[in-house]
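Colleague: Take this sequence and fold it.
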Amino acid sequence: MTTNDRNAAIAAAVILVGFGLFAFYLPAIMLAVGGVSQVAAGAVVVVFLASLFVILWLRSRSQHGD
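Modeller: Below is the predicted model:
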């Protein structure tokens with residue numbers, strides 16, 4: 001395994017673990033935020049999904065050098 005491959009595997013693991021933990025606690029976060037505002041609870045989910053796609057998009061751009 002080359003250094004580049006190892007760095008890519010570490011980055012992928014960090015992204016998966018980070019989003020996995022956030023997704024695990026997402027129902028509790030939504031219930032807590034939903035006590036304040038249902039719209040804000042929906043916004044939490046939208047931000048979670050959008051951030052996943054944005055991070056993956058930025059990572060692909062940095063790997064391809066665009």
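
Colleague: alpha carbons only for contacts and neighbour counts from here, please
Modeller: Fine.

Colleague: What segments of this protein are helices?
Modeller: Under the criterion DSSP state H, the chain contains helices at 3-34, 38-64.

Colleague: What is the longest one packed up against?
Modeller: If I follow you right, that is helix 3-34. With contacts defined as 3 or more CA pairs under 8 Å, 6 or more residues apart in numbering; DSSP states H and E, helix 3-34 has these neighbours: helix 38-64.

Colleague: What angle do helix 3-34 and the helix it packs on make with each other?
Modeller: 170 degrees (axes from the mean of the first three to the mean of the last three CA atoms, to 10 degrees).

Colleague: Tell me the helices and strands packed up against helix 38-64.
Modeller: Using 3+ CA pairs under 8 Å, 6+ apart: helix 38-64 touches helix 3-34.

Colleague: buried set for the helix it packs on?
Modeller: Residues Phe19, Leu26, Met30, Val33 are the ones in helix 3-34 that count as buried (16 or more other CA atoms under 10 Å).

Colleague: Stretch 39-55 too?
Modeller: Result for stretch 39-55 [16+ other CA under 10 Å]: buried residues Ala41, Val44, Val45, Phe48.

Colleague: what's the spacing between the third one and Met30?
Modeller: It refers to Val45. Val45 sits 8 Å away from Met30, going by CA to CA, to the nearest Å.

Colleague: pLDDT weak spots in this structure?
Modeller: Applying pLDDT under 70 to the chain flags residues 65-66.

Colleague: now with 90?
Modeller: For the chain, applying pLDDT under 90 flags the ranges 1-9, 11-12, 15, 52, 56, 58-66.

Colleague: and Thr2, how many neighbours?
Modeller: Look at Thr2: counted by other CA atoms under 10 Å, it has 7 neighbours.

Colleague: For it, grab phi and psi.
Modeller: Note on Thr2: its backbone torsions stand at phi -80, psi 170 [degrees, to the nearest 10].

Colleague: and it, how far is that from Ala9?
Modeller: Taking CA to CA, one finds Thr2 at 11 Å from Ala9.
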